[in-house]
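Visitor: I'd like to go over a predicted model; first the sequence, then the structure.
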Amino acid sequence: MASSTTSRRAATLPVSFFRRPAEVVARDLVGTLIISTVRGVVTAGRIVETEAYLGHRDPASHAFANRRHARNENLYGPAGTWYVYLSYGMHWCANLVCGTTPNEGAVLLRAVEPLDGLPTMRRRRGGVADRLLASGPGRLTQALGITLSLDGHAMRASSVVVQAGRGEELDVATSLRIGITKAVDWPLRFAVRGSKWVSRTA
DNA sequence: GCGCCGATTGGCT
DNA sequence: GCCAATCGGCGCC
């Protein structure tokens, strides 16, 4: 069972939350809670940074122009599907599929503020400073124990769920996406302004 | 088949 | 700030 901070109420986000444009979902995911349960071990935190990718119309998307491959197959799945891929041959990155048509878009999770299971996260991350536990797309998957085994699963029925936040006022800043070389001027990155848990300031 | 590049990270200069 | 690690996709021969 979940402990302390995140347990209150299990308001897992409905599929309808994801049946909207990726940039809208990306903005609204900031402030929500992500809870991972791996072999009974719970780690959780608050999503503080995301990026939207606009599917077949986005040159930076893995499925631009509807190029279809084994790796990106799940970008064509229904809203609320996990899309997990290997970045630079060594880091897992986690996305949630959005929209109402195949390959319409997805949201990359870029940073999480750790709330529960800190000892587990520290062990998985090799004892780095807490600020670096989940402040990056590759770091947060490692801290939460996310791997390719999550790829293609429906979020609501998977080992990693996203719940509604606490409804508090959040100052969400919009900025340019990070680490890409195509469509670099599209303002599709969303982050809690001033948060020390985001991947970097830009 | 071969070489280059990437939605990254961490270690070193 | 620079660069290696590591591997699937892609372009090109």
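Guide: On my side now, so go ahead.
Visitor: please make it C-alpha for all contacts and neighbour counts, starting now.
Guide: OK.
Visitor: which parts of chain A are helices?
Guide: A:15-18, A:22-29, A:118-124, A:137-144 (DSSP state H).
Visitor: let me see the mean pLDDT of the shortest one.
Guide: What it means is helix A:15-18. In this model, helix A:15-18 has a mean pLDDT of 98.
Visitor: which outside residues touch that helix?
Guide: Under the criterion C-alpha atoms under 8 Å, 6 or more residues apart in numbering, residues A:25, A:79-80, A:96-99, A:156 lie in contact with helix A:15-18.
Visitor: spell out which parts of chain A neighbour DNA strand C.
Guide: Chain A comes close to DNA strand C at residues A:62-63, A:67-71, A:88-90, as judged by C-alpha under 7 Å from any atom of the strand.
Visitor: for chain A, which residues are neighbours of DNA strand B?
Guide: A:53, A:60-63, A:87-91, A:93-95, A:106-108, A:125, A:132, A:135-140, A:178-182, A:199.
Visitor: got a PyMOL select line for the buried ones in the residues you listed?
Guide: Restricted to buried positions by 16 or more other C-alpha atoms under 10 Å, the PyMOL selection for the residues of chain A next to DNA strand B reads:
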select buried, chain A and resi 53+60+61+62+63+91+93+94+95+106+107+108+125+132+135+136+137+138+139+140+199
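Visitor: so who does the residue minimising distance to the centre of chain A touch?
Guide: Geometric centre of chain A, nearest residue: A:Leu109, 2.3 Å, by C-alpha atoms, centre = their mean. By C-alpha under 8 Å, 6+ apart, the contact set of A:Leu109 is A:47, A:49-51, A:93-95, A:137.
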